[in-house]
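Enquirer: sequence unknown, structure follows:
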């Protein structure tokens with residue numbers, strides 16, 4: 001059975017989609033990723049889709065679902081590497097992908113996750129004291 005590797009980098013998980021996504025693979029990714037968020041206590045998820053030539057409505061919705069599930073599990077999600085043709089297709093399909101934050105590349109996506117996590121940590125310590 002096909003699986004997309006999920007790498008742990010500190011507090012973050014990195015998912016690099018290197019094959020064309022089909023519905024079953026997207027559902028497996030959703031399951032595997034939510035399990036890994038919990039087991040690794042991840043604070044952020046970065047999904048690199050730069051190798052994808054196309055995204056259909058199902059895959060687009062799955063990306064939105066993954067972001068929503070990650071947020072419920074206290075992890076932020078950033079999708080990086082979206083090609084212009086993929087962005088155009090998503091807009092033409094009417095998919096707004098609520099909760100999905102995007103960045104141009106992995107480096108900018110990691111910066112975005114680090115900034116978000118540090119803001120949350122500051123807010124938490126302001127209301128509950130320093131957790132560390």
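Expert: Ah, there it is. Predicted model only: the values in this text are computed from it and were never measured. Numbering: from 1, shown residues only.
Enquirer: report the central residue of the chain.
Expert: Closest residue to the average C-alpha location of the chain: residue 77 at 3.6 Å, with Cα atoms, centre = their mean.
Enquirer: now it: how far from residue 92?
Expert: Distance, residue 77 to residue 92, using Cβ to Cβ, to the nearest Å: 23 Å. Heads up, the C-betas are built off the backbone N, CA and C, glycines and all.
Enquirer: quick one: mean pLDDT for stretch 82-94?
Expert: Averaging pLDDT along stretch 82-94 yields 90.
Enquirer: show residues contacting that stretch.
Expert: Contact with stretch 82-94 is made by 49, 50, 52, 53, 54, 55, 56, 57, 60, 97, 102, as judged by Cβ atoms under 8 Å, 6 or more residues apart in numbering.
Enquirer: mind checking which of these are in helices?
Expert: Judged by DSSP state H, the contacts of stretch 82-94 include 57, 60 as members of helices.
Enquirer: thought residue 97 was touching residue 64?
Expert: Yes. Between residue 97 and residue 64 there is a contact under Cβ atoms under 8 Å: 4.8 Å.
Enquirer: ramachandran angles for residue 29?
Expert: The phi/psi pair for residue 29 (degrees, to the nearest 10) reads phi -60, psi -40.
Enquirer: how about it, nearest residue that isn't a chain neighbour?
Expert: Closest residue to residue 29 apart from its sequence neighbours, by Cβ to Cβ, 6 or more residues apart in numbering: residue 4 at 5.0 Å.
Enquirer: cheers, nothing more for now.
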